[in-house]
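Peer 1: Structure of the sequence below:
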Amino acid sequence: MYKIFKIVFFCCLCFSSTHISAQYDEYIQSETARIKTTQQTEIEIQKFIQDNFSKYKLSQEVNDKIVNHLRSEDEFTYAELEKAKIDAKKYELRKLFFAENPIKKEEYMAKPIPSALSQQCVNGDFESGTASYTFWCDAHPQPASGTAFFLSCATPTALTATNVITPAVNNFASTINLIDSASPGYQQFDPVLASFGVNIPTLNSNGGTKCIKLNNTAGLGSSDLSTVSRYFPVINQSTIDFSFSLIMDNKPAHGQDIQPYFRVRVLDQNHNVVDEICIVANPDNCLFNKIDVAADRRILYTGWICARLNVGEILNQPGTIEFSVSDCQPSKHFGTVYIDNICGTTCATPQLGALSLDPANLQCPDTTSNTPFQVCGTYQSPINATLNNITLDIIQNGVVIGTIAAPTQITANTFCFTMLPSDFGLLPTGDFEFDIHATFNVNCSAGTFIYDIYDHSANVGPDVTFSNCCLANLSLFSPTDNTNNLAIIDNKRKERSNWIKAANIISVGDNVLANGVIYHATNFVELNPGFEAVTGAQFVAYPEGCDGNFVYKPNGETINHNEATVTPNVDDTVNLVKTITGFAIIPNPSSSAIEISMKEAKFNKISISTIDGKIVFDRSIELTDKSRVDVSGYANGIYIINVTSEDGQLLTEKLIKN
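Peer 2: You can find the predicted model right below:
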């Protein structure tokens, strides 16, 4: 019997493995087909740009700002100016393509991984190409985007209808590039560094034959922010390790707030940041090697590094990892990064260190006795670093309301803060989050660099809540709990996290709307025999929960305490003006009347002059795409007809009068 059981178990196991393998193959095939579709769309986009390049021009405002921006930022040549204009125009035409073909965007987004595969690291090393990844690039043509978009590590980015990208293969001019050693155009070493005699491999030594490169090294005219994103239906490990190789252009005269940066972050299902690493181009950072190119330029690079993000707080929940790299804000100095081994590997030693708070989920700490409690976590120092300090911020509604300056207990890799309910305020209410911040002294040839590591909220939902901090139930009786106009406010306002059962008498009624008696509970308010609201009394009861937010609702209407919502401000405006190529004169030659018509635009003024410049007709008209003019009274000969288009362009054609 036991032998039969083993055989059956083995067969089931084989069937399960075969089934999962088939699903894996099917998913990769589906993603491969999707990527091929986007590659075809890219060909369509390039043809659209080519076909329409001469039909549109940049709006005058954008054109002028490009010139002014380059003049104010750096010395520039005429060729650089023209390139900036061409790049901006191509960017606007790409936006126009997606505006006219919005459905094309859908194929750029990776399809969700089947649930049966969610516990596996599918294509974490890009060996199956770009399956399960979504790419986009925010091209900020300078200075059309102004400077407000650039907030260094806090710069927002999101997939829109116009910024989706499909990676090129071994094309180092592309903003998103799949490095593939088996395909044409592969370069073993980064070409920018190689030009200075430094050979840094484009592929990680233990990363297989493929990886992703974000951003090119062009710069000038467009500050590109390139992103690769991956959605995990289930986060099944407490850390996500990955490898990267970073190269950044750096101008000494720029402040740190506008230098190129590289950011990687994990977002929970509500788009809150779980953990984040951000590296700004800084020659003092011991991560970087430096090449001095000129007095006003240097190149910083890292080689391949293994790093770690802590995601234990969203274990067994959905999450998204997002890598972004940006040029400098003025656009001339690039940032680019190679990325590999996003999951399925473990760093022997995370070079950037690691920091993580243990999940808290504390409900209603004891404010009466101010009973202390502990908040703990773990840390790992960056390579060649020593711990300087760890602090803990208490945050409510995005505002720091208190800071604990140092742990009460600390070891070589753990820490604990002893906290008091009074740390949250005199009478704390609502929800609170923790942010942990550690600083390390990193020693290198450049000197001592202070390295910062942050870890945000320890779990989904509040770390500490003082909501619903009252008894689970309440019963009210007469005459002890009767309420009248002279009652103190606490007797007029009752709430419980479970239920209220009332059998008392209420006689509050002074014609002031909000001065009534308010009972609310999470589940129900039950009015039992003996309860009475006498004539003229003001009383309301409704499910509200125990939140301390007493709002008098006489008609039982619902009050929305969170009406304000924030919608990302995505500007998909196409900053192009259609170029008008001319107008038609029908018939031409003519002996009587002619019709002037435009095919793709309108006009509002017509003038006719003789070949020697004498004006015989000059009239402003209502905006139209065709107009009739009688020329029968004109002498035979050649006339010049000028038409002014709706955007002010002056167009000219010849008329033969016979």
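Peer 1: middle-most residue in the chain, spatially?
Peer 2: Relative to the mean C-alpha position of the chain, the nearest C-alpha, by C-alpha atoms, centre = their mean, is the one of Thr157, at 3.0 Å.
Peer 1: and that one, which of the three is it?
Peer 2: The local conformation at Thr157, judged by DSSP: H, G, I helix; E, B strand; the rest coil, is coil.
Peer 1: Can you tell me how far it is from Leu151?
Peer 2: In this structure, Thr157 lies at 11 Å from Leu151, with C-beta to C-beta, to the nearest Å as the measure. C-beta here means a position set from N, CA and C on the backbone, and glycine is covered the same way.
Peer 1: re the thing from before, what's the distance between the residue nearest to the centre of the chain and Ser326?
Peer 2: 9 Å.
Peer 1: okay, and the common contacts of the two?
Peer 2: Residues within reach of Thr157 and of Ser326 at once, by C-beta atoms under 8 Å, 6 or more residues apart in numbering, are Leu225.
Peer 1: how about Val311, what does it touch?
Peer 2: Taking C-beta under 8 Å, 6+ apart as the definition, contacts of Val311 comprise Ile235, Gln237, Ser238, Thr239, Ile240, Val266, Val274, Asp275, Gly319.
Peer 1: In this structure Ile314 contacts Val273, no?
Peer 2: No: counting by C-beta atoms under 8 Å, Ile314 stays clear of Val273, with 11.1 Å between them.
Peer 1: which of those two has more neighbours?
Peer 2: Set side by side, Ile314 and Val273 give different neighbour counts by other C-beta atoms under 10 Å, the larger being at Ile314 (22 against 14).
Peer 1: could you measure Ala537 against Asn484, distance?
Peer 2: If you go by C-beta to C-beta, the gap between Ala537 and Asn484 works out to 9 Å.
Peer 1: so what sits against both of these two?
Peer 2: What both Ala537 and Asn484 touch, as defined by C-beta under 8 Å, 6+ apart, is the set Ile506, Ser507, Val508.
Peer 1: The first one against Ala537, yeah?
Peer 2: Yes: taking C-beta under 8 Å as the contact criterion, Ile506 and Ala537 are neighbours in contact, 4.9 Å apart.
Peer 1: More neighbours: those two, which one.
Peer 2: Ile506 (24 against 17).
Peer 1: what's that one in contact with, if anything?
Peer 2: If a contact means C-beta under 8 Å, 6+ apart, then Ile506 has Asn482, Thr483, Asn484, Val517, Glu532, Ala533, Val534, Ala537, Phe539 as its contacts.
Peer 1: Give the buried subset of the residues you listed as a ChimeraX selection command.
Peer 2: Those of the contacts of Ile506 that meet the burial criterion (16 or more other C-beta atoms under 10 Å) are gathered into one ChimeraX selection, given here:
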select :483,517,532,533,537,539
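Peer 1: just checking, which of the contacts of Ile506 belong to strands?
Peer 2: The strands, defined by DSSP state E, take in Thr483, Asn484, Val517, Glu532, Ala533, Phe539 from the contacts of Ile506.
Peer 1: Now render those as a markdown table, adding pLDDT.
Peer 2: Rendered in a markdown table, the data for the ones in strands among the contacts of Ile506 read as follows (pLDDT from 0 to 100):
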| residue | pLDDT |
| --- | --- |
| Thr483 | 89 |
| Asn484 | 87 |
| Val517 | 89 |
| Glu532 | 88 |
| Ala533 | 87 |
| Phe539 | 87 |
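Peer 1: ok so, going back, intersection of neighbour lists for Ile314 and Val273?
Peer 2: The contact lists of Ile314 and Val273 share Val266, where a contact means C-beta under 8 Å, 6+ apart.
Peer 1: could you point out where the stretch 451-600 of the chain is predicted with low confidence?
Peer 2: Per-residue confidence of the stretch 451-600 of the chain (counting by pLDDT under 70) places the weak regions at 458-460, 468, 470-471, 513-514, 546-547, 554-572, 579-581.
Peer 1: Can you report phi and psi for the nearest residue to Glu107 once chain neighbours are set aside?
Peer 2: Take Glu107 and drop its neighbours on the chain: the residue closest to it by C-beta to C-beta, 6 or more residues apart in numbering is Thr37, 4.7 Å away. Its backbone dihedrals place Thr37 at phi -60, psi -40, with angles given as degrees, to the nearest 10.
Peer 1: okay, now Thr37: neighbour count?
Peer 2: Burial measure for Thr37: 15 neighbouring residues, criterion other C-beta under 10 Å.
Peer 1: That one and Ala218, how far apart?
Peer 2: Here the criterion is C-beta to C-beta. By it, Thr37 lies 27 Å from Ala218.
Peer 1: May I have the phi/psi pair for Glu106?
Peer 2: phi -60, psi -40.
Peer 1: Contacts only, for it.
Peer 2: Applying C-beta under 8 Å, 6+ apart, no residues qualify as near Glu106.
Peer 1: the helices in this protein, which residues?
Peer 2: Using DSSP state H, the helices of the chain run over 2-52, 60-73, 78-100, 191-194, 489-492.
Peer 1: Among those helices, show me which one is buried the most.
Peer 2: Scoring the helices of the chain by mean neighbour count under mean count of other C-beta atoms under 10 Å gives helix 78-100 as the most buried, with a mean of 18.
Peer 1: for that helix, packing partners?
Peer 2: helix 2-52, strand 56-58, helix 60-73, strand 134-141, strand 222-232, strand 576-578 (3 or more C-beta pairs under 8 Å, 6 or more residues apart in numbering; DSSP states H and E).
Peer 1: could you check the angle strand 222-232 makes with it?
Peer 2: Helix 78-100 runs at 40 degrees relative to strand 222-232, counting by axes from the mean of the first three to the mean of the last three C-alpha atoms, to 10 degrees.
Peer 1: how distant is helix 78-100 from the center of its chain?
Peer 2: Averaged C-alpha coordinates place helix 78-100 at 23 Å from its chain's average position (C-alpha atoms, centre = their mean, to the nearest Å).
Peer 1: what about dumping the CA coordinates of that helix to CSV?
Peer 2: What follows is helix 78-100, C-alpha atoms only, in CSV (Å, rounded to 0.1, in the frame of the first residue of the first chain):
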residue,chain,number,x,y,z
TYR,A,78,24.5,75.3,-34.6
ALA,A,79,24.6,71.5,-35.2
GLU,A,80,23.7,70.8,-31.5
LEU,A,81,20.8,73.3,-31.7
GLU,A,82,19.4,71.6,-34.8
LYS,A,83,19.8,68.2,-33.3
ALA,A,84,17.9,69.3,-30.2
LYS,A,85,15.1,70.7,-32.4
ILE,A,86,15.0,67.4,-34.4
ASP,A,87,14.9,65.3,-31.3
ALA,A,88,12.1,67.4,-29.8
LYS,A,89,10.1,67.2,-33.0
LYS,A,90,10.5,63.4,-33.2
TYR,A,91,9.3,63.1,-29.6
GLU,A,92,6.2,65.2,-30.4
LEU,A,93,5.4,63.1,-33.5
ARG,A,94,5.7,60.0,-31.3
LYS,A,95,3.1,61.5,-29.0
LEU,A,96,0.9,62.3,-32.0
PHE,A,97,1.1,58.7,-33.2
PHE,A,98,-0.2,57.3,-29.9
ALA,A,99,-2.8,60.1,-29.7
GLU,A,100,-4.1,58.9,-33.1
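Peer 1: Contacts for it next, please.
Peer 2: The contact list for helix 78-100 (C-beta under 8 Å, 6+ apart) reads 44-45, 48-49, 52-53, 56-58, 62-63, 66-67, 70, 104-105, 139, 141-142, 144, 161-162, 164, 218, 220-222, 572, 574-576.
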